[in-house]
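[1] Structure of the sequence below:
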Amino acid sequence: MATPHTDPLSLEVIELIGAVVARYYEEYDRAAAEHSLTGAQARVLRLLSMEPMPMRRIAQKLKCEPSNVTGIVDRLEARGLVERRPDPADRRVKLAAPTEKGRATATLLRNSLDFAREPLAELSEEERRVLRDLLRRMLGGEME
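    Residues are numbered from 1 along each chain as shown. Predicted structure coming up:
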C-alpha cells in the first residue's frame, strides 16, 4: 500500500504546489524588478505593509538569517521605503516600518500580481474558501 509520501495523488499534489510556488516567485520577482527591487526586498516590504516588526520576526517569517534582513532593510531605508523606529512596547527594540512611499509601493506590487488572481477568479467563492482552509490546515496555523 502506498504511503501519503509515495502515492501518485500526493506526488501530483506536491508537483502542483511546487509549480504554483515557482510561478508566484517568478511573477513576484518580475513585479519587484519593475520597481527596481529584488524579490527579497519586495517580500520584506509586503510583510511590513501588514504591520511593523523587528528584524528577528521578519527573519522568522521569511525563514532566513536576521543579518540578511538587516541588509535588506538598510537598502529599503536608503530608498525611503522603510524606516526604523522604537517599539512602543519595548524602547530597546527597533521596528522596521514602511513609509508612506513604502506602503504605496507595496500596494502597487500586490496589485500587479495577476497570475494567481486570474485562475482564482475561475473558482467559486466556496471553492476559494475550501482551498484557503485546506492550505491553512497544511500549514498548521503558521500563517496566522
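
[2] going forward, measure contacts between C-alpha atoms and count neighbours the same way
    Noted.

[3] Residue 72: neighbouring residues, count only.
    19 (other C-alpha atoms under 10 Å).

[4] Report the mean per-residue pLDDT for the host helix or strand of it.
    Remark: residue 72 resides in helix 66-78, with elements defined by DSSP states H and E. Per-residue pLDDT values across helix 66-78 average out to 94.

[5] contact partners of that helix?
    Outside of helix 66-78, the residues that reach it under the criterion C-alpha atoms under 8 Å, 6 or more residues apart in numbering are 40, 41, 44, 55, 56, 58, 59, 82, 83, 84, 96.

[6] can you give me how far the next helix or strand after it is from the chain middle?
    Later in the chain than helix 66-78, the nearest helix or strand by DSSP H and E is strand 82-87. Taking the mean of its C-alpha atoms, strand 82-87 sits 20 Å from the chain's own mean (C-alpha atoms, centre = their mean, to the nearest Å).

[7] in strand 82-87, what's buried?
    The neighbour-count check on strand 82-87 (16 or more other C-alpha atoms under 10 Å) flags 82, 83, 84 as buried.

[8] With stretch 84-98 instead?
    By neighbour count, with 16+ other C-alpha under 10 Å as the criterion, the buried positions of stretch 84-98 are 84, 94, 95, 96, 97, 98.
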